[in-house]
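A.B. asks: sequence first, predicted coordinates after that:
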Amino acid sequence: MTQLKKIGTFKPPAREKGVMLAMERKELERPAIENLSVDRIKELIRGLGGDPSFIDKLEERIKQIDMEISELETRISQLRIQRNELIELRKRLLGI
């Protein structure tokens, strides 16, 4: 068996002053956007000189899309029933 010689212990390279390792850095505390209320977000946008009305438009559009999805699901369900009835009729007529 070959024996390994101990050359020395690993020493990380010296760091310059003011340089921090990633594990030494602390995350800055800041409020997460998820924790802000809609009204607070609107207030911040207004404070920046923007128009927050698009947020209300988003909500309206989401509701509209939800209604369209519901209507389409109902229509799909009706079409599936009609399809199954036609398949059953075909079986009876053709004796399949």
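C.D. replies: Looks like it came in fine. Numbers count the residues shown, from 1 in each chain.
A.B. asks: which residues touch Lys42?
C.D. replies: Listed by CB atoms under 8 Å, 6 or more residues apart in numbering, the contact set of Lys42 reads 52, 55. Every C-beta, even on glycine, is put in place using the N, C-alpha and C of the backbone.
A.B. asks: got phi/psi on it?
C.D. replies: Per-residue torsions, Lys42: phi -60, psi -40 (degrees, to the nearest 10).
A.B. asks: could you do Leu44 as well?
C.D. replies: Note on Leu44: backbone dihedrals following degrees, to the nearest 10 are phi -60, psi -40.
A.B. asks: what's around it, how many residues?
C.D. replies: 13 (other CB atoms under 10 Å).
A.B. asks: pull stretch 54-70 out as CSV, backbone CA atoms only.
C.D. replies: The C-alpha coordinates for stretch 54-70 follow below in CSV (Å, rounded to 0.1, in the frame of the first residue of the first chain):
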residue,chain,number,x,y,z
PHE,A,54,-53.9,49.3,-14.0
ILE,A,55,-54.1,47.2,-10.8
ASP,A,56,-57.9,47.5,-10.8
LYS,A,57,-57.9,46.7,-14.5
LEU,A,58,-56.0,43.5,-13.7
GLU,A,59,-58.6,42.4,-11.2
GLU,A,60,-61.4,43.1,-13.7
ARG,A,61,-59.6,41.2,-16.5
ILE,A,62,-58.9,38.2,-14.2
LYS,A,63,-62.6,38.1,-13.2
GLN,A,64,-63.6,38.3,-16.9
ILE,A,65,-61.2,35.5,-17.8
ASP,A,66,-62.6,33.3,-15.0
MET,A,67,-66.1,33.9,-16.3
GLU,A,68,-65.0,33.0,-19.8
ILE,A,69,-63.3,29.8,-18.5
SER,A,70,-66.5,28.8,-16.7
